[in-house]
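1. return a 3D structure for these sequence lines:
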Amino acid sequence: MGQRFGISRGFFSFCPVVVLVVSVLPGISSSAQAQTYSSGSVLYQYQTPPGTSLIGAIRGGIPSQAVGNAVLNSLPVAAVWDSQGNGTNLNPTQLGYNLSYAFASSGSQQGGQVVTAQLNGISYATLWSGTAASAVILNPTGFSSSAINGMSGNQQVGSGTPNGSPNNPVPLLWTGTAASAVQLTPTIFGSNLVYSVANGTDGVNQVGYANHSGPLRNDAMIWSGTAASAVDIGPANVNVSNALAVSGNQQVGYDEPSTQFHAMVWEGTSASAVDLNPAGMLTSEALATNGEVQAGYASPNSQVTSRVAEAWLGTSASAIDLQSLLPTGPATSWSYSTADAVDANNNIYGFAWGTYNGVAGGYAVEWSDAQLPEPASLSLIAIGGLGLMSRRFSRNRKSGSSLDSLPPCISVGLTCRTITGQHGSNPSTPISVTPN
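-> Below you'll find the model as predicted:
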């Protein structure tokens, strides 16, 4: 994924450190030791790609490879941002397209779709390698439309609409070419299947959902590269669920127990489903996992601008309000945020909209995790009153994430909070899977 860019700042602050220890409570198992998220930091501000008028949705939480959309001539165009926030317009005008979207990234590649027209246009799955000129159309033979929703390693996943079936998309898996497309259409529902979509992959397994009748449901799904491998993990007590991301044996997404989404985590079966919705929050989604830590957002209402970045360790009670850990100050405030990537070292990355040091805009943000010695008792612990000298530092992403000393607070005036305290994002618009 390349190198991560950090902003260096030096200052002093005093705050307690919030420590989350994996407890022996009902929920998803985790091998994590003592997890602590005591600070958040701003990596960079997203800049408008040259030639475009403004930034639309930011869908990637990995700061060296964030993807989303900018606006050109009043139309959305796919874009990618580097580790310093510089944007690049990916729209392949050389292929005759003026409208496009980027939904996912992996390594040096980005995935999404191009669209033939603004209204009622036909979309084609598209793979980029950092420039508009690199665009490759992955729409398979026999399909009238398609899109890439997720990527990892050499795999891309999404959906496509077979010719003659405009309302019945099927899940697709690619490995870089249109000819490589594999249909993941689950056979377990037989003739009751209405349509199905793949949302995410870890390079081995794929996740998404299937809409089927008998009775009418949208169920979260897992695949392992073939249609025959499909497993229905939709919780039996709800009619709508959707898996958005996967890492190893853990899947995350949401279900809809009433009229609002609740963040969910699974470990391969319907029976393993755990509702992560934090107490006091109306709605939530889990957007990413590394197999131990789940990340996403929660909101006290249904407004996008009320979303707050959250992290979990397998239970609702473990929810951490990450937005409250971002920098504060007289010229800094945050409106909404989301967490949508977790690396192998449990560092979380996301997007925050607000004013930072007097400059309003969208920012790439990071919450760093540090392993503290695991206490003898398994519980939630808040270590208060630790006076720490805080120092921001740059570090390489993923495997190069080292901390000198205990985790600092990011700025003067920040109060680190216990995980069980009150809860105080902007990913892509949630995929709607409400039955037609």
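2. all contacts plus neighbour counts: C-alpha atoms, from now on.
-> Noted.
3. tally of neighbours for Gln206?
-> For Gln206, the count of nearby residues is 34 (other Cα atoms under 10 Å).
4. whoops, I mixed them up, Trp312
-> Residues near Trp312, counting by other Cα under 10 Å, number 25.
5. hang on, it packs against Leu276?
-> Yes. Counting by Cα atoms under 8 Å, Trp312 touches Leu276, with 7.4 Å between them.
6. tell me, how many residues neighbour Gly176?
-> Neighbourhood size, Gly176 [other Cα under 10 Å]: 18.
7. can I assume it sits in a helix?
-> No. Gly176 is assigned coil when assessed by DSSP: H, G, I helix; E, B strand; the rest coil, not a helix.
8. who touches it in this structure?
-> Contacts of Gly176 were listed using Cα atoms under 8 Å, 6 or more residues apart in numbering, and they are Leu127, Leu138, Asn154, Gln155, Gln156.
9. can you work out which residues contact both of Trp312 and Leu276?
-> Contacts common to Trp312 and Leu276, judged by Cα under 8 Å, 6+ apart, are Ala319.
10. check the offset of the helix or strand hosting Glu310 from the chain's centre.
-> Using DSSP states H and E, Glu310 falls within strand 308-312. Relative to the centre of its chain, strand 308-312 is centred 11 Å away, using Cα atoms, centre = their mean, to the nearest Å.
11. returning to what we had before: which two in the contacts of Gly176 are spaced the farthest apart?
-> The largest separation in the contacts of Gly176, counting by Cα to Cα, is between Leu138 and Asn154 at 13.6 Å.
12. more neighbours: which of those two?
-> Leu138 (26 against 14).
13. roughly how far does the more buried one sit from Asn168?
-> Leu138 sits 19 Å away from Asn168, taking Cα to Cα, to the nearest Å as the criterion.
14. first-to-last residue distance for stretch 321-332?
-> Where stretch 321-332 begins and where it ends lie 18 Å apart, using Cα to Cα.
15. ok, stretch 256-266 next?
-> Span of stretch 256-266 from end to end, Cα to Cα: 15 Å.
16. buried stuff in it?
-> Glu256, Phe261, His262, Ala263, Met264, Val265, Trp266 (16 or more other Cα atoms under 10 Å).
17. which residues touch the nearest residue to the last one once chain neighbours are set aside?
-> Closest residue to Trp266 apart from its sequence neighbours, by Cα to Cα, 6 or more residues apart in numbering: Ala273 at 4.6 Å. By Cα under 8 Å, 6+ apart, Ala273 lies in contact with Ile233, Pro235, Met264, Val265, Trp266, Glu267.
18. any chance of JSON lines for these, columns distance to Ser335?
-> Listed next are the contacts of Ala273 as JSON lines, based on distance: Cα to Cα, whole Å:
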{"residue": "Ile233", "distance to Ser335": "35"}
{"residue": "Pro235", "distance to Ser335": "33"}
{"residue": "Met264", "distance to Ser335": "25"}
{"residue": "Val265", "distance to Ser335": "27"}
{"residue": "Trp266", "distance to Ser335": "30"}
{"residue": "Glu267", "distance to Ser335": "33"}
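19. fine by me, thanks again.
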